[in-house]
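Enquirer: Sequence and predicted structure, then a few things I'm wondering about:
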Amino acid sequence: MSEKTRLMVALDVPELTDALNLVDQLGDQVEWYKVGKQLFTHFGPVVLKELKGRGRKVFLDMKFHDIPNTVSQAIRSAALIGADIINVHALGGPAMLAAAAAAGKETGKTVIAVTVLTSMDAEQLNAIGVQASPAEQVLRLARLTKEAGLPGVVCSALELPMLRREFGTEFLTLVPGIRPAGASAGDQKRIMTPAQAADAGASYIIVGRPIVAAPEPAAAARAVLEELANVAGN
Ligand code: C5P
């Protein structure tokens, strides 16, 4: 794969002070952070202000899903508070995705989409009236994402090879469910090691608990980065 795989740490902690302690412990070795609903709902834009003040980059994982105008305004707001990557639900449909793409262009921010949540299996999809298999549905929504002009998706390790085959190496893939060899899987079912994800062409690996909950987060991050660096071309 021509593009390098970057590490992004998921700041899944309840307290701002814990989040910032972690960021300070990890230091310059980690540039990218994912800020999700737990931290942002409680502490809001100050989380991004603190991260940006430390020279870090932020993926604001809010998964916007609303009417096109609302999503487009939400993206503008996210851009104003310093988000570098912002995401929306591809389920919002082509018009919403087009509005998201336009807002991304206007703000100069990277707007990507979520296809099918990994908590949705065939039975869950069926219950909401979707007859397609999870893989078919992922592909359909990823196509809509690309056609709308958005540059990539969040995807599971399982979907990564399929999306790479379909859309090539230019399409951004942000891949959670990463477990270094020997780490506990927790509730993640479709997992890959950092090296496997790099090999499969992930643009970013999103790593939470294996770093955030490690006894020594900096050492855990260093091990992941070393694993990435050992993959040919990375
Ligand atoms: O702790 P862990 O490494 O499992 O964290 C992965 C992060 O990626 C969490 O923030 C989780 O919510 C997120 N995520 C995921 N699976 C998806 C989409 C997002 O685990 N399909």
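Expert: Received it, and whenever you're ready, just let me know what you need.
Enquirer: Figure out how far the lengthiest strand in the chain is from the centre of its chain.
Expert: In the chain, taking DSSP state E as the definition, the longest strand is strand 57-64. When distances are taken as C-alpha atoms, centre = their mean, to the nearest Å, strand 57-64 is centred 8 Å away from the chain's centroid.
Enquirer: where does the closest residue to the ligand within the chain land on pLDDT?
Expert: Residue nearest to the ligand within the chain: Gly208 (2.5 Å; C-beta to the nearest ligand atom). Where C-beta positions appear, they are placed from N, C-alpha and C, glycine not excepted. Per-residue confidence for Gly208 comes out at a pLDDT of 97.
Enquirer: and whichever helix or strand comes after the longest strand of the chain, C-alpha only, in CSV?
Expert: As assigned by DSSP states H and E, the chain's next helix or strand after strand 57-64 is helix 68-80. Included here for helix 68-80 are C-alpha records, laid out as CSV according to Å, rounded to 0.1, in the frame of the first residue of the first chain:
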residue,chain,number,x,y,z
PRO,A,68,-29.2,18.2,4.9
ASN,A,69,-29.3,21.8,6.1
THR,A,70,-28.8,20.9,9.8
VAL,A,71,-25.9,18.6,9.0
SER,A,72,-24.2,21.2,6.9
GLN,A,73,-24.5,23.8,9.7
ALA,A,74,-23.3,21.3,12.3
ILE,A,75,-20.2,20.6,10.2
ARG,A,76,-19.6,24.4,10.0
SER,A,77,-19.8,24.5,13.8
ALA,A,78,-17.4,21.6,14.2
ALA,A,79,-15.0,23.3,11.9
LEU,A,80,-15.2,26.5,13.9
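Enquirer: name the helices or strands packed onto helix 68-80?
Expert: Packed against helix 68-80, as judged by 3 or more C-beta pairs under 8 Å, 6 or more residues apart in numbering; DSSP states H and E, are the following elements: strand 57-64, strand 85-89, helix 94-107.
Enquirer: ok and that helix relative to helix 94-107, angle-wise?
Expert: Taking axes from the mean of the first three to the mean of the last three C-alpha atoms, to 10 degrees, one finds helix 68-80 and helix 94-107 inclined to each other by 30 degrees.
Enquirer: The chain should start at 13 in everything you say after this.
Expert: Let's use 13 as the start, then, which means that last one is helix 80-92.
Enquirer: So which bits of helix 80-92 are buried?
Expert: Neighbour-count burial for helix 80-92, with 16 or more other C-beta atoms under 10 Å as criterion, is recorded at Pro80, Val83, Ser84, Ala86, Ile87, Ala90, Ala91.
Enquirer: Now for the residue nearest to the fourth one when sequence neighbours are not counted: which residues touch it?
Expert: When you say that, I think you mean Ala86. Here the nearest residue to Ala86 in space, its sequence neighbours aside, is Phe76; by C-beta to C-beta, 6 or more residues apart in numbering that works out to 4.9 Å. Taking C-beta atoms under 8 Å, 6 or more residues apart in numbering as the criterion, Phe76 is in contact with Thr82, Val83, Ala86, Ile87, Ile98, Asn99, Val100, His101, Gly104, Ala112.
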